[in-house]
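Chemist: got a predicted structure here, sequence first:
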Amino acid sequence: MAEVERDPVTGRETTGHEWNGIKELDTPVPRGVLIFLIITHLWAFAYWFFMPSWPLGETYTKGLLGADQRTTVEARLVEGQEERAPWMARLETEPYDAIVADEALMKTVRGTGQQLFGDNCAACHGRDGKGRAFYPDLTDDDWLWGGGPELIEQTMRVGINTRHPESRIAQMPAFGRDEMLDREQVRNVAAYVYSLTNPEYSTAENLERIEAGREVFATTCAACHGENAAGSSEVGAPNLTDAYWVYGGTMDSIIASVHGGRQGHMPTWDERLSNVEIRTLSLYVHDLGARQP
Amino acid sequence: MIRQLTSSERQNALVIALAVAIVGIAMAAVGRSDVLGVHGVIVMLFGGIVAYLVMSTFYDPEPTEDRAASYYDDPIKAGIILSMAWAVFGMFMGVWVAAQLAWPDLAFDAGWSTFGRLRPTHTSGVIFGFGGNALIATSFHVVQRTSRARLAGQISPWFVLLGFNLFCLLAVSGYLMGVTQSKEYAEAEWYADLWLVIVWVTYFILYIATIARRKEPHIYVANWYFMAFILVVAILHIVNNLAIPVSWGSVKSYTIWPGVQDAMVQWWYGHNAVAFFLTAGFLGMLYYYLPVRAQRPIFSYRLSILSFWGITFFYMWAGSHHLHYTALPHWVQTLGMTFSVMLLVPSWASAGNALLTLNGAWHRVRDDATLRFMMAAAVFYGLSTFEGSFMAIRPVNSLSHYTDWTVGHVHAGALGWVALITFGSLYTLVPSLWRRERMYSAALVEIHFWLAIVGTLIYVFAMWNSGIIQGLMWRTYTEEGALAYSFIDSLVAMYPYYIARAFGGLLFLIGTVVGCYNMWMTVRSVPMAARTADVPVTAAVVPGE
């Protein structure tokens, strides 16, 4: 066992123990450490005095302030609701026209709607509402089921192809796969549809195919998409004559759509969002399009 | 591996290895229609390989020298190698999951590589694989040297080390197959947990028995910490993992703790895993390798006592600060918060004791990157314990909780404290254990030091920024009292920080790989050191002599 020595650097004595060359100094605990230790303990004791802290069998010490996280959060919720009540009541009850005309209220719609849209709609339609492949752009004026806050609200409430009793139902049949059209007819009608938005495709050599496709279209597709292929928001049939395509406007995508059919799905928000939230979002989405140049 | 075992010990080792293999066969048979079957095969192969290794040198000459006259270093060497291998694996997984947060396509559309499955392979890989093996190895080294006695078992050190690695293997491979208890840092399922209980109790008995053989009258501080680590981890592990399996043939089990009590038990476990695995164990390392490397006496024995009892007592109460503003009763939150604040001074006393020990050795800190690793570790230890107490205060926690700030805090501790003290200790230990003159390259240690420091700082600063921005965005209201941001807005704001975080982690990983190379080359090509008297005392010393 080692002897007590004096360390030349600190001037302190060692404890006289040694372990494989390691020694320890017998330095007292610095005063600052003790003071700091006492301060943290005093603070803790004081905190116990004021706040709920120690268990006493079935109950616990409530503390002088009578604080309780449940009542605190309930009070905060009530406060928040009161703060929002004025504009929420208006959004919930006033007709859409009146709200749209009120620029100050629309500013609130844009602020709140941006957050609601981000948390509920952006996963499919994108943060900016511009959609992506298979999910429609909500910022243009091309609407599958009609634009305007009332129709948008209806679509949000019942969804598309959902189990909601009033769900909007739209199904593009699988004409090729289910053998309603043969391969050649599928190609022809796709060529016709393609030519509607790609005039340069209507060359002499393609003309025969396009004309054959036009006939197929008239007998098979026009029922939903209309004679002029401009679609119908009554049945959710997209306009095929504009530049916007939900499922892609290339020849291959059109062939795939005609061959395999398409059934989009939009969930119903009736039970998931409150009345005022649905109305806010309807206005917000309508406004997204209205704000576009 | 078994050169130091007598033939009867070799037989025992073989019996144990074969028993493990048989258990594996039984698991494979009972769980053949479940993932349990796959784990049965892994256990069987593990037992079989160990049995093969034992048998391959079974008839080699037995040891002739008096084994009590030398330290038992073979399991320590294996532990260091395993630790560094797990470090590379676990840190690589960390970089991968960090990159997935910035670029989700890096999951490659497969089930096993989704964030939810990879993330626990990172946490278990680094905490248990890297940290656990380093703790086992260094504790075996420290307890022998500071007790002046050989380990109290011949097979048991190997059983502890290999058994622990079998646990890690079952845990990590299970996560990839979707096996989890869904308890953070306790994801491994019931059969792996039962196995760890056997291994850990053996570890505890071995450690206590070795201490009991000591030839020094006093037990050194490092051993207090290692004992606290082993004992408390056993208690935490058993209580938190009490669960009832769906059947003997199923990996799935359900915890016996209901509702909010489950949450409380889990975070009592979770926080004390930080306290006793990632703090107490590594303080044991610090208390041995820092004074050895600095060649200085510990600054204050009295401060050691204060911080040891402070840490062991106060940490036990602090777990509920993980559940502020939840269904947990308010009074439990108050207690967790106040004890977390009272914990600060004992924690700082440890960090201060380490740094003040360096008085008289600061020139070494400047010149020796190994010692600088340990100095920086003590600084990060002080920083993250302050941050931890601060974040435990309820109003602060209302901002920081569920954000990246928590992730940043954990990594200030895990990278800055745990990993740096481990590297400093291993750079001290490797040359002495393999009896080499020095590390292969001091320059590579220096490079590793700077990669680790810069990587940690980039990581932690990125997460502080992103965490506070997240927390503020989630609680910002518009003038009308509506939320100003959607959740996805906060994700978009995180993007640059997630890239920075992955980059910081990558630097840290590169440093670890450099360290592995340096250690490998040290063992391979550095000349042998002159023989020093690194042997136990065999003659009894009368206590108090």
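Modeler: Looks like it came in fine.
Chemist: number of nearby residues for B:Ala19?
Modeler: Counted with other Cβ atoms under 10 Å in any protein chain shown, residues neighbouring B:Ala19 total 12. C-beta here means a position set from N, CA and C on the backbone, and glycine is covered the same way.
Chemist: the residue of the stretch 351-500 of chain B at minimum distance from chain A: what's it in contact with?
Modeler: Distance from chain A to each residue of the stretch 351-500 of chain B (Cβ to the nearest Cβ) is smallest for B:Ser486, at 2.4 Å. For B:Ser486, the contact set (Cβ atoms under 8 Å, 6 or more residues apart in numbering or on different chains) comprises A:Gln114, A:Gln115, A:Leu116, A:Phe117, A:Gly118, A:Asp119, A:Ala122, A:Arg127.
Chemist: quick one: contacts for B:Ala378?
Modeler: Neighbours of B:Ala378 in contact, by Cβ under 8 Å, 6+ apart: B:Leu286, B:Leu290, B:Ala351, B:Ala354, B:Leu355, B:Ile421.
Chemist: rewinding a little: show me which of the contacts of B:Ser486 neighbour chain B.
Modeler: With Cβ under 8 Å from any Cβ of the partner chain as the criterion, those include A:Gln114, A:Gln115, A:Leu116, A:Phe117, A:Gly118, A:Asp119, A:Ala122, A:Arg127 near chain B.
Chemist: closest one to chain B out of these, please.
Modeler: Checking these against chain B with Cβ to the nearest Cβ, the nearest one is A:Gly118 at 2.4 Å.
Chemist: what's the closest non-adjacent residue to the residue of the stretch 351-500 of chain B closest to chain A?
Modeler: A:Gly118 (2.4 Å; Cβ to Cβ, 6 or more residues apart in numbering or on different chains).
Chemist: again with B:Met521
Modeler: Distance criterion Cβ to Cβ, 6+ apart; nearest residue to B:Met521, sequence neighbours excluded, is B:Tyr440 at 3.8 Å.
Chemist: ok, now B:Ala273?
Modeler: Nearest residue to B:Ala273 in three dimensions, chain neighbours excluded: B:Tyr185, at 5.3 Å (Cβ to Cβ, 6+ apart).
Chemist: give me the neighbour count for the one you found.
Modeler: Neighbour count for B:Tyr185, taken as other Cβ under 10 Å: 20.
Chemist: contact residues of the stretch 351-500 of chain B facing chain A?
Modeler: Residues of the stretch 351-500 of chain B lying near chain A (Cβ under 8 Å from any Cβ): B:352, B:359-360, B:478, B:480-489, B:492.
Chemist: 10 Å instead?
Modeler: Residues of the stretch 351-500 of chain B lying close to chain A by Cβ under 10 Å from any Cβ of the partner chain are B:352-353, B:356-357, B:359-361, B:389, B:393-394, B:476-492.
Chemist: rounded mean pLDDT for stretch B:355-367, please.
Modeler: Stretch B:355-367 shows a mean pLDDT of 97.
Chemist: equivalent analysis for stretch A:11-29, please.
Modeler: The predicted model assigns stretch A:11-29 a mean pLDDT of 94.
Chemist: same deal with stretch B:376-392?
Modeler: In this model, stretch B:376-392 has a mean pLDDT of 97.
Chemist: how far off centre is stretch A:220-228?
Modeler: Between the mean C-alpha location of stretch A:220-228 and the chain-wide mean there is a distance of 34 Å, by Cα atoms, centre = their mean, to the nearest Å.
Chemist: C-alpha coordinates for it, CSV please?
Modeler: C-alpha atoms of stretch A:220-228 as CSV (Å, rounded to 0.1, in the frame of the first residue of the first chain):
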residue,chain,number,x,y,z
THR,A,220,-68.0,3.6,-76.7
CYS,A,221,-66.6,6.7,-75.0
ALA,A,222,-69.0,9.5,-75.8
ALA,A,223,-71.6,8.4,-73.3
CYS,A,224,-69.4,9.7,-70.5
HIS,A,225,-66.8,11.9,-72.1
GLY,A,226,-69.4,13.6,-74.5
GLU,A,227,-69.6,13.8,-78.2
ASN,A,228,-66.9,16.5,-78.3
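Chemist: quick check: mean pLDDT across that stretch?
Modeler: In this model, stretch A:220-228 has a mean pLDDT of 94.
Chemist: in that stretch, what counts as buried?
Modeler: Buried positions in stretch A:220-228, judged by neighbour count with 16 or more other Cβ atoms under 10 Å in any protein chain shown: A:Thr220, A:Cys221, A:Cys224, A:His225, A:Gly226.
Chemist: same deal with stretch B:231-244?
Modeler: Under 16+ other Cβ under 10 Å, the buried positions of stretch B:231-244 are B:Leu231, B:Val232, B:Val233, B:Ala234, B:Leu236, B:His237, B:Ile238, B:Asn240, B:Asn241, B:Ala243.
Chemist: ok, now stretch B:214-228?
Modeler: Counting neighbours by 16+ other Cβ under 10 Å, stretch B:214-228 gives B:214, B:216, B:218-228 as buried.
Chemist: what of stretch A:87-99?
Modeler: Under the neighbour-count rule (16+ other Cβ under 10 Å), stretch A:87-99 has A:Trp87, A:Met88, A:Leu91, A:Tyr96, A:Ile99 buried.
Chemist: ditto for stretch B:58-76
Modeler: Within stretch B:58-76, the residues scored as buried using 16+ other Cβ under 10 Å are B:Arg67, B:Ser70, B:Tyr71, B:Tyr72, B:Asp73, B:Asp74, B:Pro75, B:Ile76.
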